[in-house]
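Peer 1: Prediction below, plus the sequence it came from.
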Amino acid sequence: MVTRTNHRYLPDPRRVIAKPHLPGEEVYSSDGKSRVKVVLERILAIPDSEAAEILAGVLSSFGHRHRNFTQVLYHHFLMIAHHIEQDVVLAEDRRLLIGAYFTHEYSIEAAALFNPSMVPAPDQSGIASDQQRFIMSVRAVGEGHISSIEFRTGLIDERCNLTFDPVSSYAITGRRMRPRYEKNLFRHKLGELGADNEITLHVLDPLPERFTFEELERRLTLLHEQHVFDEVIAFETIKLIHLLASSNYQTAFPHESPVSERVLFPVGPKESQGMEDARFVRFVHDDKSVAYYATYTAFDGLEVLPQLIETADFVSFRVSTLNGAHAVNKGMALFPRLIDGKYVMLARSDRENMYLMRSENVRFWDETQLLQTPRQPWELTQIGNCGSPIETEAGWLVLTHGVGPMRRYALGVMLLDLKDPSRVIAQLPEPLMIPEPDEREGYVPNVLYSCGSMVHRDHLVLPYGFSDGGIKVALVRLPELLELLAEHGVD
């Protein structure tokens, strides 16, 4: 019933992005200058001939490793250009050299590559009707255990053979843009963050129902100038407002860039230490329009927070905070369509059990009920989902993960009622998959984990991470799986 394919993908430390490098802005020299200012003065003091030689060496050594390398250097120069006196005129080469000193390479896969999810690609043109293109998201981990989201693409043929496209030799981060904020959502989330006070009302009330970051900043500047409120409370409130605004953003990539080149790297404050375990799902609205959603775990080094990604084309991505009393913890997975007019989500709100949540708004989650508790020996520590449920004629097929003795992660299966997904109608008593001998060693041993699978013809295509060290793919015959589930119905 379960066939492991020969696909095996391991971390590649050669996949690097060019990141801004701002050395210790909080550290000052004895004369009160910031580190950035001091480094800038040293660069500006380099004679022109020597500066040209240094830049030529940088372009020769690093230019082939990054697409549009000079544009990257110039962009990073612009990030610190405000430290340069306005009357200083710089040649283009000097600007690029400054950009190089404030750039560093980050190996996005240096530590690990694992926990994939797979969805049908938006573009299915130009292929046979019994073939299907797919996009697979992967969790990449680099220095400092910082996680980012990468993508792979490929084709499944009529015999369920998978062919992965070549991975681009480049890795790029997107161009970040600030969205328009919806005032009601913004105010609601500020209340959850503990900033439901008169200062928040004073800042937000005059703003339009949809406002820009610049409009928000003008209100905050005015608040600072007025000195009307307690300074300590005002400082903490403004800090939370900035945090929330920075956690909601858009990222866009060049249309011509290969999908495997695009990297969603943490930029918001709540995800500064990682974007973990994205669960992508192809969501079909009642009007048949399609959107791709993904829930992921944002980590700032202290707390985890579930957040939402939305895209239509895997070119432009909108990142949003999730709201509500039960938008907490890890492992939220959205059903692929509305049920009785509501969004439905699987979650593990208490780190241990599986819950079902319903909402009329994909960004608000206040309604929840317990769905399943650990029951079998292989899952007694905790259970959770392995991605969004898959709709079949027999019910909602849910892949689960269970943690048992020696913290071994195994994959299980349950079936939920199509009309009432709060009702478990079948569940396999034994795991569908456990780590095989060659899957037990890695960054975190004895782990099998997936963030989402898809159906092609009569097979479930299941990508999975093994021991946080790599990615493999399994094919599960769907008729046999549903037949087995029928033998293990739940009263």
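Peer 2: Received it, and whenever you're ready, just let me know what you need.
Peer 1: where do the strands sit along the stretch 51-200 of the chain?
Peer 2: Counting by DSSP state E, counting those that start in this stretch, the stretch 51-200 of the chain forms strands over residues 103-107, 112-120, 132-141, 147-156, 162-164, 172-173, 175-177, 181-182, given from the N-terminal end onward.
Peer 1: Okay, helices next: where are they in the stretch 151-300 of the chain?
Peer 2: 183-192, 198-204, 213-226, 231-247 (DSSP state H, counting those that start in this stretch).
Peer 1: any chance of these in a markdown table, with distance to L356, mean neighbour count and mean pLDDT too?
Peer 2: All C-beta spots, glycine's among them, are computed from the backbone N, C-alpha and C. Listed next are these as a markdown table, based on distance: least, Cβ to Cβ, whole Å; neighbours: other Cβ atoms under 10 Å; pLDDT from 0 to 100:
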| stretch | distance to L356 | mean neighbour count | mean pLDDT |
| --- | --- | --- | --- |
| helix 183-192 | 21 | 17 | 90 |
| helix 198-204 | 33 | 17 | 93 |
| helix 213-226 | 36 | 14 | 87 |
| helix 231-247 | 26 | 17 | 89 |
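Peer 1: if we compare those, which one ends up closest to V88?
Peer 2: With respect to V88, and counting by Cβ to Cβ, the nearest of those is helix 213-226 at 27.2 Å.
Peer 1: if we can go back for a sec, including distance to L478, could the helices of the stretch 151-300 of the chain go into CSV?
Peer 2: Shown next, in CSV, are those (distance: least, Cβ to Cβ, whole Å):
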stretch, distance to L478
helix 183-192, 39
helix 198-204, 50
helix 213-226, 47
helix 231-247, 39
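Peer 1: Quick one: closest of those to Q427.
Peer 2: Q427 sits nearest to helix 183-192 of all the helices of the stretch 151-300 of the chain, at 34.2 Å, using Cβ to Cβ.
Peer 1: so how far is the closest one off the chain centroid?
Peer 2: Computed by Cα atoms, centre = their mean, to the nearest Å, the chain-centroid distance of helix 183-192 equals 22 Å.
Peer 1: hmm, back to that, between the helices of the stretch 151-300 of the chain, which one is nearest to M1?
Peer 2: In this view, the helices of the stretch 151-300 of the chain are compared for proximity to M1 by Cβ to Cβ, and helix 231-247 is the closest at 42.8 Å.
Peer 1: how about the CA coordinates for the closest one, as CSV?
Peer 2: This file holds the C-alpha atoms of helix 231-247, laid out as CSV (Å, rounded to 0.1, in the frame of the first residue of the first chain):
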residue,chain,number,x,y,z
GLU,A,231,5.3,58.4,28.3
VAL,A,232,5.9,54.8,29.5
ILE,A,233,2.5,53.6,28.4
ALA,A,234,2.8,55.5,25.1
PHE,A,235,6.3,54.0,24.4
GLU,A,236,5.0,50.5,25.0
THR,A,237,1.9,51.0,22.9
ILE,A,238,3.9,52.5,20.0
LYS,A,239,6.3,49.6,20.2
LEU,A,240,3.4,47.1,19.9
ILE,A,241,1.9,49.1,17.0
HIS,A,242,5.2,49.0,15.1
LEU,A,243,5.5,45.3,15.8
LEU,A,244,2.1,44.5,14.5
ALA,A,245,2.5,46.7,11.4
SER,A,246,5.9,45.0,10.6
SER,A,247,4.4,41.5,11.0
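Peer 1: closest one to A51 among the helices of the stretch 151-300 of the chain?
Peer 2: Across the helices of the stretch 151-300 of the chain, the minimum distance to A51, taken as Cβ to Cβ, is reached by helix 231-247, at 34.8 Å.
Peer 1: which helices and strands sit right next to that closest one?
Peer 2: In terms of contact count using 3 or more Cβ pairs under 8 Å, 6 or more residues apart in numbering; DSSP states H and E, helix 231-247 is assigned the packing partners helix 183-192, helix 198-204, helix 213-226, strand 316-321.
Peer 1: how about a markdown table for the ones you listed, with distance to E487 added?
Peer 2: Supplementary listing: the helices and strands packed on helix 231-247 in a markdown table, determined by distance: least, Cβ to Cβ, whole Å:
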| stretch | distance to E487 |
| --- | --- |
| helix 183-192 | 45 |
| helix 198-204 | 56 |
| helix 213-226 | 56 |
| strand 316-321 | 42 |
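Peer 1: Which of the strands of the stretch 51-200 of the chain sits closest to P435?
Peer 2: Proximity to P435 (Cβ to Cβ) singles out strand 112-120 among these, at 12.5 Å.
Peer 1: elements contacting that closest one?
Peer 2: Contacts defined by 3+ Cβ pairs under 8 Å, 6+ apart place strand 112-120 against strand 132-141, strand 275-284, strand 454-456, strand 459-466, strand 470-477.
Peer 1: Please name the bridge partners of the closest residue to E360 other than its chain neighbours.
Peer 2: In space, and not counting its chain neighbours, E360 is closest to K342: 5.7 Å by Cβ to Cβ, 6 or more residues apart in numbering. According to DSSP bridges, the partner residues bridging K342 are I339.
Peer 1: Neighbours of K342, how many?
Peer 2: K342 has 15 neighbours, counted by other Cβ atoms under 10 Å.
Peer 1: who are the neighbours in contact with it?
Peer 2: K342 makes contact with 358-360 under the criterion Cβ atoms under 8 Å, 6 or more residues apart in numbering.
Peer 1: from those, which single one is nearest P479?
Peer 2: Distance to P479 across the contacts of K342 (Cβ to Cβ) is lowest for R358, with 30.5 Å.
Peer 1: Quick check: that closest one vs L371, distance?
Peer 2: For R358, the distance to L371 equals 12 Å [Cβ to Cβ, to the nearest Å].
Peer 1: quick one: contacts for R279?
Peer 2: Shown in contact with R279 (Cβ under 8 Å, 6+ apart): 117, 294-296, 331-334, 385, 387-388, 451-452.
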